[in-house]
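Chemist: Need a 3D model of the sequence below.
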Amino acid sequence: MKIKTGYLYHIKDEYFYHVNDDKLMVNHERGKKRPTYFTIKDGNILWFIPISSKVSKYQKIINNKILKYGFCNTIWIRKIADTDAVILFQNAFPTLEKYIDHVHTVSNMPLFVGSDLKKEITNNFKQLLGYKKRGINLFFPDIDKLKQMMLDELKEDLN
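Modeler: This next block holds a predicted model:
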């Protein structure tokens, strides 16, 4: 499977068992594969940013952050496939291609978020990673530990 930035994917349960991080979102809900993940390809590492349909739940959180800080760059609501969707930057994490279960499809076509939104999400994510490098961590999972696990796994797979 060729993985591309800007498409939505689902991840295998195996990843969650392997990394054992309680700050990651639950992979299944009521028997469905959820959430879907916006994917940013960064070499061999894939960054997964959860996409949720729970707009009213997250709108309240966004409103509270805006009241407190004047803005919110960790949770966005944007249109994806003509539907409001929540982009949960704060829940992003690194993974590898082998943990991808399948691409998310609509009418049997892989779902691409569109060039403008792809660029907007990618730029914001890079900005949040920049904050992390400067000591301001806005991510719930321990992305440094998870990334190192993935890099170590890549090395093992090469040997």
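Chemist: From here on, just use CA atoms for contacts and neighbour counts.
Modeler: OK.
Chemist: What are the boundaries of the strands in the protein?
Modeler: With DSSP state E as the criterion, the chain has strands at 8-11, 28-29, 32-33, 36-42, 45-52, 75-80, 83-88, 93-95, 100-103, 105-106, 109-110.
Chemist: Show me what the longest one packs onto, helices and strands only.
Modeler: Just to be clear, that refers to strand 45-52. Secondary-structure packing of strand 45-52 (3 or more C-alpha pairs under 8 Å, 6 or more residues apart in numbering; DSSP states H and E): strand 36-42, strand 83-88, strand 93-95, helix 143-158.
Chemist: as a whole number, average confidence for the longest one?
Modeler: Per-residue confidence for helix 143-158 averages out to 92 on the pLDDT scale.
Chemist: Equivalent analysis for the shortest one, please.
Modeler: Model confidence over strand 93-95 averages 97 on the pLDDT scale.
Chemist: buried set for it?
Modeler: The neighbour-count check on strand 93-95 (16 or more other C-alpha atoms under 10 Å) flags 93-95 as buried.
Chemist: Give me the most central residue, the protein.
Modeler: I49 (1.0 Å; C-alpha atoms, centre = their mean).
Chemist: so where's this structure shaky on pLDDT?
Modeler: The model of the chain has pLDDT under 70 over residues 27-34.
Chemist: Relative to K133, how far out is K126?
Modeler: To K133, K126 is 11 Å away according to C-alpha to C-alpha, to the nearest Å.
Chemist: Distance to M25 for the buried residues of strand 93-95 - can I get that in TSV?
Modeler: Formatted as TSV, these follow (distance: C-alpha to C-alpha, whole Å):
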residue	distance to M25
F93	10
P94	13
T95	14
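Chemist: Just give me the closest of the residues you listed to L146.
Modeler: The closest of these to L146 turns out to be P94 (C-alpha to C-alpha; 6.4 Å).
Chemist: Counting neighbours, what do you get for the closest residue to that closest one other than its chain neighbours?
Modeler: Once flanking residues are discounted, P94 sits nearest to W47: 4.4 Å by C-alpha to C-alpha, 6 or more residues apart in numbering. Neighbourhood size, W47 [other C-alpha atoms under 10 Å]: 21.
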